[in-house]
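> Structure for this input, please:
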Amino acid sequence: MFDFKMILDHIVKNNDPNEMIILQDMMEELLEEAKDKKKYEMNLYKLAYGPHFNEEKLIESGIKMKYSIPEVEKLISAHGTKFPECVTIEDITYAMNHLYHLYYPLIPDISAALRFAEKYIKDETFPVKYGKAFCEWSHREWLNEKYKNH
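Sure, this is the predicted structure:
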């Protein structure tokens, strides 16, 4: 039987840039041939970044941006709000904008949006610790794709 893990371990340990380019090309070719390309792309993304937004995924989410990343960074710094290290600024920005659009006028300004986002991100009842924003968005994307013709 082909030991895929052993081969990947060997390539990673070699840390040869040329081998990594070849591996990247091979994976892109496999993805093109996959039945459910989006599923594999999302699984690779989560493998690399966990259940968190980066800037590219934040843009891809299509969230209406009431608050920008620089505004959110400035506010977090001014308020001294602390988030776990794994939470990205993009997670916080997504949550603030998502919650603002869902609950305006209950969330009237950026400070209130940050307080709501902090509670949302730190929700202890959600099964993926600190990954609520990304998980809910990616699940919504999956549902949209699954039921787009219904």
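
> How about the contacts made by M65?
T93, N97 (CB atoms under 8 Å, 6 or more residues apart in numbering). C-beta coordinates here come from the backbone N, C-alpha and C atoms, glycine included.

> try 7 Å
M65 makes contact with N97 under the criterion CB atoms under 7 Å, 6 or more residues apart in numbering.

> and it, how far is that from A113?
As judged by CB to CB, to the nearest Å, M65 and A113 stand 12 Å apart.

> what does I92 give?
From I92 to A113 the distance is 10 Å (CB to CB).

> Now do the SS call for the residue most central in space within the chain.
Centroid check for the chain by CA atoms, centre = their mean gives F53 as the closest residue, at 2.7 Å. Assigned by DSSP: H, G, I helix; E, B strand; the rest coil, the conformation of F53 is coil.

> That one contacts Y94, doesn't it?
Yes. With contact defined as CB atoms under 7 Å, F53 and Y94 form a contacting pair (5.3 Å).

> Does K82 belong to a helix, a strand or coil?
Judged by three-state DSSP, the three-state class of K82 is coil.

> residues near it, how many?
10 (other CB atoms under 10 Å).

> Also the one 10 residues further on?
Residues near I92, counting by other CB under 10 Å, number 26.

> So for F53 and Y94, which residues contact both of them?
A133.

> just checking, E41 touches L31?
Yes. With contacts counted by CB under 7 Å, E41 reaches L31, the gap being 6.4 Å.

> the more surrounded of those two?
Taking other CB under 10 Å, E41 and L31 do not tie; L31 has more neighbours (15 against 12).

> Of all the residues in the helix or strand hosting H101, which ones are buried?
In this structure, H101 sits in helix 89-103 according to DSSP states H and E. Neighbour counts over helix 89-103 (16 or more other CB atoms under 10 Å) mark I89, E90, D91, I92, T93, Y94, A95, M96, N97, H98, L99, Y100 as buried.
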